[in-house]
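Chemist: Have a look; sequence and predicted model below, questions after that.
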Amino acid sequence: MSSPSIKADTITKFTSSNYAEWNISFKSACRIAQCWGVVAGTTTKPTTGAAEIAAWETKNNQ
């Protein structure tokens, strides 16, 4: 089963005055799409295993 994709219309548009709201919106969307670890840098690209590399690249490309 694939991870849900991030949809731009679900994320609050970032402006000079709404960082806190945007931050929550962005992190939530990434967590729902199961790619927050890639975005935050805590899930690094595997160096071996074609399936593992492909799964990481899918999350990285969201």
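Modeler: Good, I have the coordinates.
Chemist: From Trp36, how far off is the residue of the chain most remote from its centre?
Modeler: In the chain, the residue that sits farthest from the middle, by C-alpha atoms, centre = their mean, is Ser17; the gap is 23.0 Å. Using C-beta to C-beta, to the nearest Å, we find Ser17 at a distance of 25 Å from Trp36. C-beta coordinates here come from the backbone N, C-alpha and C atoms, glycine included.
Chemist: Ok, Thr10 next?
Modeler: Counting by C-beta to C-beta, the gap from Thr10 to Trp36 is 14 Å.
Chemist: out of those two, which sits in the busier spot?
Modeler: Set Thr10 next to Trp36 and count neighbours by other C-beta atoms under 10 Å: Trp36 wins out with 17 against 12.
Chemist: list the contacts for the more buried one?
Modeler: Applying C-beta atoms under 8 Å, 6 or more residues apart in numbering to Trp36 gives the contacts 27, 30.
Chemist: 6 Å - rerun?
Modeler: Applying C-beta atoms under 6 Å, 6 or more residues apart in numbering to Trp36 gives the contacts Cys30.
Chemist: gap between it and Thr43?
Modeler: As judged by C-beta to C-beta, Trp36 and Thr43 stand 8 Å apart.
Chemist: Since that was my last question, I'll sign off now.
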